[in-house]
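> With the input below, show me the fold.
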Amino acid sequence: REALEYMFSDPRIRVLGFSFSRDLARLQALCPGGGISGRNVRDLQKVCEGVMQTPKGATPSLQRVCEALLGRTLLKTHQCSDWQQRPLTRAQLEYAALDALVLRVHLLPLLVDCIDA
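Next up, the predicted model:
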């Protein structure tokens, strides 16, 4: 909990996510008392809206971003599985790891110049 509060409160740290609002709300529920404000969060989905020049109100999914910017399809079959049930299945862990890998290794280098624009 302390690490989360530190990461989300230190202005020198930029937290990057994709379609991050629900995740942020869950993290805030874990750390009540305002330790996680979201001020230093940058949602890459919003960055992709500008890069892809999507029509107003047409928020691109990570799958659509991968297709448009990487020319690859990202399978999202486990997106709607039960993420509250523990332990997570191996397939859920692989799904989550792939999402993180795609964002960090493949998309971030393409978007780095647009993040603070």
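> going forward, measure contacts and count neighbours with C-alpha atoms only.
Noted.
> what's the neighbour count on residue 24?
17 (other CA atoms under 10 Å).
> host element of it?
For residue 24, the element it lies in under DSSP states H and E is helix 21-30.
> buried stuff in stretch 73-89?
residue 74 (16 or more other CA atoms under 10 Å).
> chain center to that stretch: distance?
15 Å (CA atoms, centre = their mean, to the nearest Å).
> can you pull the buried residues of stretch 98-115?
For stretch 98-115, a neighbour-count test (16+ other CA under 10 Å) marks 99, 103, 107, 108, 111 as buried.
> sorry, back to before: tell me which helix or strand comes right after the helix holding residue 24.
Downstream of helix 21-30, the first helix or strand assigned by DSSP H and E is strand 41-43.
> which helices and strands sit right next to that following strand?
Contact here means 3 or more CA pairs under 8 Å, 6 or more residues apart in numbering; DSSP states H and E; on that basis strand 41-43 packs against strand 15-17.
> buried residues in the strand it packs on?
By neighbour count on 16+ other CA under 10 Å, the buried set for strand 15-17 is 16, 17.
> can you list the residues that contact that strand?
Residues from elsewhere that reach strand 15-17 (CA atoms under 8 Å, 6 or more residues apart in numbering): 7, 8, 40, 41, 42, 43, 44, 45.
> tally of neighbours for the first one?
The one in question is residue 7. By other CA under 10 Å, 17 other residues sit near residue 7.
> How about the second one?
By other CA under 10 Å, 22 other residues sit near residue 8.
> helix or strand for it, which one?
Short version, using DSSP H and E: residue 8 is in helix 2-9.
> Okay, buried residues for that helix please.
5, 7, 8, 9.
> for stretch 60-77, same thing?
For stretch 60-77, by 16+ other CA under 10 Å, it's 60, 62, 65, 66, 74.
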